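Asker: Sequence below, structure please.
(4 chains)
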Amino acid sequence: MIEITESPISIERVIESVRDSGCGAILVFIGTVRDMSDDKKVLYLQYEAYREMAEKLLSKLSEDAKQRFGVKHISIAHRTGKVYPGEVSVAIAVSSPHRKEAYEASRYLIESLKKETPIWKKEFREEGGEWISTG
Amino acid sequence: MIEITESPISIERVIESVRDSGCGAILVFIGTVRDMSDDKKVLYLQYEAYREMAEKLLSKLSEDAKQRFGVKHISIAHRTGKVYPGEVSVAIAVSSPHRKEAYEASRYLIESLKKETPIWKKEFREEGGEWISTG
Amino acid sequence: MIEIKVMLFANIRDLTGKEELVLQVEDEITVSDALRIIKRSLPVLEKLPIDSFVVAVNMEYVSRNHLLKDGDIIAIIPPVGGGR
Amino acid sequence: MIEIKVMLFANIRDLTGKEELVLQVEDEITVSDALRIIKRSLPVLEKLPIDSFVVAVNMEYVSRNHLLKDGDIIAIIPPVGGGR
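Answerer: Numbering: from 1, shown residues only, chains lettered A, B, ... in the order given. Next up, the predicted model:
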């Protein structure tokens, strides 16, 4: 399941989608919006995506990670629109027969997602908004 | 939250217990019972714990991991008794301001848990039961 | 005459107030050519380092000398990757 | 006279059919001494490599020459750690 969505992310649904009784390990990364950024209070983040391309790249990335690490199922959900502190902005679940591969694949997925996926975030603090990147 | 329990583990509850709007990353490891072991069909696992000591060690391990990796909250839940294929036997949630530390702490916790915690598992296949260890 | 759709995002969208443009040109052009035309038609873009932004055509990242054909969709991709 | 409670788990529990024992000894003894007494009273234990199992006293892992006092709880811990 690859999903770029305006609606709140259901962690349960992301986890359910990778469950497999042949897999002993599920690893779930959950990214949430922090209430502070550089010691300034964050009101909310605004995520914007090039949706079709992001979904396409994340599908490709998932196939890539399955091949590379031998994990079984991968699901990725990413919010767009306004996301408030404490809310989930991204969830990545990986299931695998054994745990080592799940850790490696999960880390690879979140790092690649942050680097390559056309999803932008604008941080709104009390004094205004600013587009954030590490690029 | 450290919990050794006969009842099914609620992943949602484990995740909720580490949520913190100061933490941007939550990593959840979920161990489930596999339906096959060495190409033999698994009927169920029977987990047995030295409960008080396991809880004490896991609390210590959590404190240790918080110090060592700088993560904020840790929750660990482990089932005892009969656990059937597909069911959750262990869940570990770690929350942290940043994700790198969450990955490191999570991996450390599951490896240490498997190595040091007095919890045993007996695997019941069609032909009978056997205590399993890598020790 | 060929038509190329341009998609704008994030700070480019904020600055220009536009989500899309359509370029009509006589013949096939490169991505560099397209960027030059876009900057000319939206002078406010000089506030952004557009030349350092990556570009996707039909949802694939491409280089600056990639040739654009009729019906192509070009997206200018500002830097992504916030958060550790 | 001192009393020491012994806790048994997993394959030890299966084999002996016991979850607990109580040792009554004249004086303080070491963990090694206690294991010797336990093996004598439960000969079936010779089927297991008890001497390679770790031991906890009052929920702390201890060495074989740790001295047991009245009221101590000793647990013989079979190998743990199944699953990758």
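
Asker: what helix or strand does the residue nearest the centre of chain A sit in?
Answerer: Centroid check for chain A by C-alpha atoms, centre = their mean gives A:Val90 as the closest residue, at 3.2 Å. A:Val90 belongs to strand A:88-96 when elements are defined using DSSP states H and E.

Asker: as a whole number, average confidence for that strand?
Answerer: For strand A:88-96, mean pLDDT is 98.

Asker: which residues touch A:Ser96?
Answerer: Going by C-beta atoms under 8 Å, 6 or more residues apart in numbering or on different chains, A:Ser96 touches A:Cys23, A:Gly24, A:Ala25, A:Ile26, A:Leu27, A:Phe69, A:Gly70, A:Val71, A:Lys72, A:Ala102, A:Ala105. C-betas here are computed from N, CA, C, even on glycine.

Asker: can you rerun that using 7 Å?
Answerer: By C-beta atoms under 7 Å, 6 or more residues apart in numbering or on different chains, the residues touching A:Ser96 are A:Cys23, A:Ala25, A:Val71, A:Lys72, A:Ala102.

Asker: List the beta-bridge partners for it.
Answerer: Bridge pairing for A:Ser96 (DSSP bridges) gives the partners A:Ala25.

Asker: which of the contacts of A:Ser96 lies closest to D:Asp27?
Answerer: When the contacts of A:Ser96 are compared for distance to D:Asp27 (C-beta to C-beta), A:Ala25 wins out at 49.9 Å.

Asker: what about A:Lys40, how many neighbours?
Answerer: Residues lying near A:Lys40 (other C-beta atoms under 10 Å in any protein chain shown) number 11.

Asker: let me fix that: C:Leu48
Answerer: Neighbour count of C:Leu48, defined by other C-beta under 10 Å: 18.

Asker: What of A:Met1?
Answerer: For A:Met1, the count of nearby residues is 14 (other C-beta under 10 Å).

Asker: follow-up on the earlier one: please pull up the helix or strand immediately following the strand holding A:Val90.
Answerer: Per DSSP H and E, the first helix or strand lying C-terminal to strand A:88-96 is helix A:99-116.

Asker: re the thing from before, quick check: ChimeraX command selecting the buried ones in the contacts of A:Ser96.
Answerer: Only the buried entries of those go into this ChimeraX selection, using 16 or more other C-beta atoms under 10 Å in any protein chain shown:
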select /A:23,25,71,72,102
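
Asker: ok, so of the contacts of A:Ser96, who is nearest chain C?
Answerer: Among the contacts of A:Ser96, A:Ala102 lies closest to chain C (C-beta to the nearest C-beta), at 21.1 Å.

Asker: Surely that closest one touches A:Lys72?
Answerer: No - using C-beta atoms under 7 Å as the test, A:Ala102 is too far from A:Lys72 to be in contact (9.2 Å).

Asker: who touches both of those two?
Answerer: A:Ser95, A:Ser96.

Asker: who are the neighbours in contact with A:Phe29?
Answerer: A:Ala91, A:Ile92, A:Ser106, A:Ile110, B:Leu27, B:Arg99.

Asker: Would you confirm that the third one contacts A:Ile92?
Answerer: It refers to A:Ser106. Yes - if you go by C-beta under 7 Å, A:Ser106 and A:Ile92 touch, sitting 6.1 Å apart.

Asker: Spit out the contact partners of A:Ala77.
Answerer: Neighbouring residues of A:Ala77 by C-beta under 7 Å, 6+ apart: A:Glu3, A:Thr5, A:Ile9, A:Val14, A:Val90, A:Ala91.

Asker: Show me how to select, in PyMOL, the buried members of these.
Answerer: To isolate the buried ones among the contacts of A:Ala77 in PyMOL, judged by 16+ other C-beta under 10 Å, type:
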select buried, chain A and resi 3+9+14+90+91
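
Asker: Next, C:Val55: secondary structure please.
Answerer: Three-state call for C:Val55 (DSSP: H, G, I helix; E, B strand; the rest coil): strand.

Asker: Tell me how many other residues crowd C:Asp70.
Answerer: C:Asp70: 11 neighbours (other C-beta under 10 Å).

Asker: my read: it touches C:Met1, true?
Answerer: No - between C:Asp70 and C:Met1 there is no contact under C-beta under 7 Å: 8.2 Å.

Asker: measure A:His98 to chain B for me?
Answerer: Distance of A:His98 to chain B, computed by C-beta to the nearest C-beta, to the nearest Å: 10 Å.

Asker: Spit out the contact partners of the residue nearest the centre of chain C.
Answerer: Closest residue to the average C-alpha location of chain C: C:Ile76 at 4.0 Å, with C-alpha atoms, centre = their mean. Residues in contact with C:Ile76 (C-beta under 7 Å, 6+ apart) are C:Leu8, C:Ile12, C:Ile50, C:Phe53, C:Val55.

Asker: go again using 10 Å as the cut-off
Answerer: C:Ile76 is in contact with C:6-10, C:12-13, C:31, C:34-35, C:38, C:45, C:48, C:50, C:53-56, counting by C-beta atoms under 10 Å, 6 or more residues apart in numbering or on different chains.

Asker: how distant is the strand holding A:Val90 from the center of its chain?
Answerer: Strand A:88-96 sits 6 Å away from the centroid of its parent chain (C-alpha atoms, centre = their mean, to the nearest Å).

Asker: ok, now stretch A:19-37?
Answerer: Counting by C-alpha atoms, centre = their mean, stretch A:19-37 is centred 9 Å from the centre of its parent chain.

Asker: Spit out the residues that contact C:Asp70 and C:Met1 alike.
Answerer: Shared contacts of C:Asp70 and C:Met1, counting by C-beta under 10 Å, 6+ apart, come down to C:Val25, C:Asp27.

Asker: Which one of the residues in chain C is closest to chain A?
Answerer: C:Pro79 (2.7 Å).
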